[in-house]
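Chemist: this one's structure only:
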């Protein structure tokens with residue numbers, strides 16, 4: 001294995017270049033940071049892998065500077081965004097009309113829309129909805145003299161991942177900085193003093209915000225479980241469980257298991273992992289309430305909460321069997337997280353449409369609308385019902401493609417188009433094909449030096465970050481039982497990398513260190 005610590009001339013040059021790129025840190029200190037982070041990642045469970053093969057998750061060796069005022073702003077937006085998603089999801093006529101405009105050349109979103117229409121026409125069995133959302137933001141500062149702004153990248157409403165790993169990552173960084181700063185005059189302590197934001201953290205741990213994403217999200221699932229038990233009534237022959245919908249081969253299983261283990265440790269609620277293709281053969285709907293039950297020995301398990309950690313990508317539906325499984329879940333009395341309505345409310349088209357002040361005013365109070373609009377980037381559609389306006393958007397993007405991002409209705413990273421690729425795609429697409437995309441203003445983030453470790457190898461240089469704020473919401477359309485922020489996620493990537501997925505290999509997990 002090629003290692004940055006190998007004693008060769010070529011690697012010495014790499015080490016020297018690496019050290020010079022990150023605030024002049026000595027190469028031996030960088031290697032020590034690497035070893036410490038690698039070992040603590042293993043002991044803390046900051047891991048990615050499938051089956052029995054695991055490795056450390058791509059991560060930043062040090063906390064990443066983030067403006068404290070913008071961090072607080074991001075947290076304060078969680079509650080109004082939670083309400084917005086819930087109300088969009090329940091406004092099915094509006095939601096179906098909005099998403100129908102993109103399905104002509106998007107068969108996946110078309111299937112989701114058909115599923116939602118089917119469930120709506122039949123009658124929703126369970127009005128309670130559990131939302132575990134994550135709103136992702138970047139700092140926009142196009143020039144040094146411009147005031148930094150918080151702009152939303154996207155809002156994830158299904159399978160908002162890394163709640164467990166990001167919680168562990170924050171604890172890891174806090175512990176390592178405390179240890180490295182505990183010995184005044186040590187190489188690590190002296191090196192950290194060269195980075196102003198981290199120098200402050202050595203004497204003030206408050207600038208390293210605690211992260212409760214794992215326990216707080218588990219508490220939200222537990223609250224939904226408890227509500228289900230009250231609604232369903234007691235039956236000693238049936239054991240209520242949380243059903244976690246997973247991919248057959250899952251590389252992010254440790255993050256999912258973290259939620260499962262905390263649910264048991266803190267709330268004594270069992271979790272059953274099951275894939276979409278298994279639902280049809282293992283589950284049945286029982287009684288007029290359509291309770292979802294799975295056989296288990298001589299007894300039966302009943303799904304209280306159906307927590308989707310799969311189902312967000314076309315790859316999760318290789319055959320009709322998976323679609324049949326999703327329909328069975330949506331028709332059931334179990335509390336969905338998310339429901340098909342919440343899933344559709346997280347599409348890029350909905351994000352673009354609710355950025356319009358008149359549309360936003362349909363769903364939230366004026367004071368909340370003003371706060372939400374403060375973080376909206378420029379968003380544009382290519383609707384076929386206004387081809388003249390759509391062509392103006394195409395011309396605008398092609399004239400300066402470096403200023404925009406072209407986004408399809410997809411989650412999971414690696415789907416967006418940038419720069420000349422964006423321009424070429426727009427010029428080749430028909431109006432119907434363009435309608436399945438949205439155009440977003442490109443966020444220009446300030447850079448900070450960072451060290452990223454991927455596959456035990458370290459790279460350093462100017463980097464940017466993306467902050468995710470988790471939000472949890474539980475309600476039935478009349479009552480709001482839970483609505484709050486629930487921890488955070490920070491991802492760091494080299495400044496020249498466009499996409500931001502961790503499992504996809506574009507970015508690493510980090511944690512914020514706050515500065516004024």
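Modeler: Received, thanks. All of these numbers come straight from a predicted model, not from anything done at the bench. Numbers count the residues shown, from 1 in each chain.

Chemist: residues touching the most centrally placed residue in the chain, list them.
Modeler: Centroid-nearest residue in the chain, with Cα atoms, centre = their mean: residue 160, separated by 4.1 Å. Neighbour list for residue 160: 132-134, 468, 470 [criterion: Cβ atoms under 8 Å, 6 or more residues apart in numbering]. For every residue, glycine as well, the C-beta is placed using N, CA and C.

Chemist: one more time with 6 Å
Modeler: Residue 160 makes contact with 132-134, according to Cβ atoms under 6 Å, 6 or more residues apart in numbering.

Chemist: Show residues contacting stretch 270-286.
Modeler: Contacts of stretch 270-286 (Cβ under 6 Å, 6+ apart): 241-244, 246, 248, 260, 263, 292-294, 321-322, 324-326, 328, 332.

Chemist: Mind checking which of the residues you listed land in strands?
Modeler: Among these, the subset assigned to strands under DSSP state E consists of 241-244, 292-294.

Chemist: Can you give me the pLDDT of residue 295?
Modeler: Residue 295 is assigned 76 on the pLDDT scale.

Chemist: for residue 152, that is, sorry about that
Modeler: Note for residue 152: predicted pLDDT of 97.

Chemist: Nearest residue to residue 117 in space, ignoring adjacent ones along the chain?
Modeler: Among residues not flanking residue 117 along the chain, residue 96 sits closest, at 6.1 Å (Cβ to Cβ, 6 or more residues apart in numbering).

Chemist: What's the local residue count around the one you found?
Modeler: By the measure other Cβ atoms under 10 Å, the count of residues near residue 96 is 16.

Chemist: what do you get for residue 361?
Modeler: The local packing of residue 361 (other Cβ under 10 Å) involves 12 other residues.

Chemist: Could you look up the SS state of the closest residue to it other than its chain neighbours?
Modeler: Among residues not flanking residue 361 along the chain, residue 369 sits closest, at 5.8 Å (Cβ to Cβ, 6+ apart). At residue 369 the chain is in helix, as set by DSSP: H, G, I helix; E, B strand; the rest coil.

Chemist: Sketch out the low-pLDDT regions of the stretch 401-516 of the chain for me.
Modeler: Residues of the stretch 401-516 of the chain meeting the criterion pLDDT under 70: 411-414.

Chemist: show me where it has strands.
Modeler: For the stretch 401-516 of the chain, applying DSSP state E, counting those that start in this stretch gives strands covering 404-408, 417-418, 437-441, 448-454, 457-475, 480-494, 508-510, 512-515.

Chemist: Same question for the stretch 201-350 of the chain.
Modeler: Going by DSSP E, counting those that start in this stretch, the stretch 201-350 of the chain shows strands at 238-245, 271-274, 283-286, 291-296, 299-308, 335-337.

Chemist: what's the most buried one of these?
Modeler: strand 335-337 (a mean of 28; mean count of other Cβ atoms under 10 Å).

Chemist: In CSV, list the strands of the stretch 201-350 of the chain along with distance to residue 92.
Modeler: Listed next are the strands of the stretch 201-350 of the chain as CSV, based on distance: least, Cβ to Cβ, whole Å:
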stretch, distance to residue 92
strand 238-245, 22
strand 271-274, 27
strand 283-286, 21
strand 291-296, 22
strand 299-308, 19
strand 335-337, 14
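
Chemist: hey, least reliable of those by pLDDT?
Modeler: strand 291-296 (a mean of 87).

Chemist: Name the stretch among the strands of the stretch 401-516 of the chain that sits most buried.
Modeler: It is strand 508-510: most buried of the strands of the stretch 401-516 of the chain by mean count of other Cβ under 10 Å, with a mean of 28.

Chemist: Quick one: residues in contact with that strand.
Modeler: Strand 508-510 is contacted from outside by 57-60, 64, 169, 452, 490, 492, 502, using Cβ under 6 Å, 6+ apart.

Chemist: Quick one: these as JSON lines, columns for distance to residue 339 too.
Modeler: Output for those, formatted as JSON lines (distance: Cβ to Cβ, whole Å):
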{"residue": "57", "distance to residue 339": "30"}
{"residue": "58", "distance to residue 339": "32"}
{"residue": "59", "distance to residue 339": "33"}
{"residue": "60", "distance to residue 339": "35"}
{"residue": "64", "distance to residue 339": "34"}
{"residue": "169", "distance to residue 339": "30"}
{"residue": "452", "distance to residue 339": "37"}
{"residue": "490", "distance to residue 339": "29"}
{"residue": "492", "distance to residue 339": "33"}
{"residue": "502", "distance to residue 339": "26"}
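
Chemist: Drop anything exposed from these.
Modeler: Neighbour-count burial (16 or more other Cβ atoms under 10 Å) applied to those gives 57-60, 64, 169, 452, 490, 492, 502.

Chemist: can you tell me which two in those residues are farthest apart?
Modeler: Pairwise distances across the buried ones among the contacts of strand 508-510 peak at 15.3 Å for 57 and 64 (criterion: Cβ to Cβ).

Chemist: Who wins on neighbours among the contacts of residue 160?
Modeler: Tallying neighbours with other Cβ under 10 Å puts residue 132 at the head of the contacts of residue 160, with 30 neighbours.

Chemist: Give me the mean pLDDT for the host helix or strand of that residue.
Modeler: Assigned by DSSP states H and E, residue 132 belongs to strand 129-140. The average pLDDT within strand 129-140 is 98.

Chemist: Find the nearest non-adjacent residue to the residue nearest to the centre of the chain, please.
Modeler: Closest to residue 160 by Cβ to Cβ, 6+ apart is residue 134, at 3.7 Å.

Chemist: Over to residue 507?
Modeler: residue 493 (3.9 Å).

Chemist: doesn't residue 81 fall inside a helix?
Modeler: Yes. Counting by three-state DSSP, residue 81 is found in a helix.

Chemist: list the contacts for it?
Modeler: So residue 81 contacts residue 135 (Cβ under 6 Å, 6+ apart).

Chemist: how close does it sit to residue 133?
Modeler: Residue 81 is 7 Å from residue 133, where distance means Cβ to Cβ, to the nearest Å.

Chemist: same check, this time on residue 53
Modeler: Using Cβ to Cβ, we find residue 53 at a distance of 31 Å from residue 133.

Chemist: Any idea what residue 467 is bridged to?
Modeler: Taking DSSP bridges, one obtains residue 137, residue 490 as the residues bridged to residue 467.

Chemist: residues contacting it?
Modeler: Residue 467 touches 74, 137, 490, counting by Cβ under 6 Å, 6+ apart.

Chemist: redo that, cut-off 7 Å
Modeler: By Cβ atoms under 7 Å, 6 or more residues apart in numbering, the contact list for residue 467 reads 66, 74, 137, 488, 490, 512.

Chemist: Kindly indicate which of those lies nearest residue 380.
Modeler: Proximity of the contacts of residue 467 to residue 380 was ranked by Cβ to Cβ; the top entry is residue 137 with 19.6 Å.

Chemist: so the closest one touches residue 152, yeah?
Modeler: Yes. With contact defined as Cβ atoms under 7 Å, residue 137 reaches residue 152; the gap is 5.5 Å.

Chemist: what do these two both touch?
Modeler: With Cβ under 7 Å, 6+ apart, residue 137 and residue 152 have common neighbours residue 375.

Chemist: neighbour count winner among those two?
Modeler: residue 137 (25 against 22).

Chemist: in the stretch 201-350 of the chain, which spans are helices?
Modeler: Assigned helices in the stretch 201-350 of the chain, in chain order: 213-232, 253-267, 276-282, 320-331, 340-345, 348-354 (criterion: DSSP state H, counting those that start in this stretch).

Chemist: So for residue 376, which of these sits nearest?
Modeler: Closest among the helices of the stretch 201-350 of the chain, using Cβ to Cβ: helix 348-354, at 8.8 Å.

Chemist: mind listing what's buried in that closest one?
Modeler: 348-354.

Chemist: repeat for stretch 62-77
Modeler: Quick answer for stretch 62-77 (16+ other Cβ under 10 Å): 62-68, 70-71, 73-75, 77.
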